[in-house]
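Novice: take this sequence and fold it.
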Amino acid sequence: MDGQEIIPFIEPVFRFCHHRLDNWHDAEDLAEEILLHVLGGMGKYQIESLEAWVWRIAHNRYARFVAAGRRNREILSGQEVPETVSEPTDYCWIDDEEVEEEYDQVFRCLHTLSSGYRDIFVDYYMGGLSVK
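Specialist: Numbering: from 1, shown residues only. Predicted coordinates for the structure are as follows:
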């Protein structure tokens, strides 16, 4: 198999991801991961039915993606703290002025956007809402 056989699956795999995740960017990332895994395995394995194999990989990768997202949300919400974070860490090297300069740069760039795009940006990255 030379990889050309996967072309008819590109759009259906993306639609599969977008329908389940309802987020364009996450759907693109997951679809890319699925298709790269399919392409990587095409040369390694003896595949009897490409369609069945693609959809099995899609379902498995989607399940992993959702599980990883759930773990990340638990960590961020404080329900579960990874061992590496619980170790004492010395953050005194962080300069408050440098952090303030970075915030000022982001703030200035945000205000160069139109109000519609700025609201979308803030809602998506700060509020955790979907782009819709």
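Novice: longest helix in the chain, by number of residues?
Specialist: Counting by DSSP state H, the longest helix found in the chain is helix 50-77.
Novice: show the average pLDDT along that one.
Specialist: Averaging pLDDT along helix 50-77 yields 80.
Novice: give the other helices and strands that it contacts.
Specialist: On a contact count with 3 or more CB pairs under 8 Å, 6 or more residues apart in numbering; DSSP states H and E, helix 50-77 meets helix 10-21, helix 24-42. Every residue, glycine included, has its C-beta placed from N, CA and C.
Novice: now it: buried residues?
Specialist: For helix 50-77, burial by neighbour count (16 or more other CB atoms under 10 Å) applies to V54, W55, I57, A58, R61, Y62, F65.
Novice: sorry, back to before: which of the helices and strands packed on helix 50-77 sits closest to E48?
Specialist: helix 24-42 (12.6 Å; CB to CB).
Novice: identify the residues contacting the closest residue in space to H18 that isn't next to it in sequence.
Specialist: With CB to CB, 6 or more residues apart in numbering as the criterion, H18 has its nearest non-adjacent residue at 3.8 Å, and that residue is A27. Applying CB atoms under 8 Å, 6 or more residues apart in numbering, we find A27 in contact with F14, C17, H18, L21.
Novice: re the thing from before, ok, so of the buried residues of helix 50-77, who is nearest E33?
Specialist: Of these, the one sitting nearest to E33 (CB to CB) turns out to be R61, at 5.8 Å.
Novice: G69 versus that closest one, what's the distance?
Specialist: 12 Å (CB to CB, to the nearest Å).
Novice: and if you look at L30?
Specialist: From L30 to G69 the distance is 10 Å (CB to CB).
Novice: who touches both of these two?
Specialist: Contacts common to L30 and G69, judged by CB under 8 Å, 6+ apart, are absent.
Novice: now for F65: which residues touch it?
Specialist: Counted by CB under 8 Å, 6+ apart, F65 has contacts L21, D26, L30, E33.
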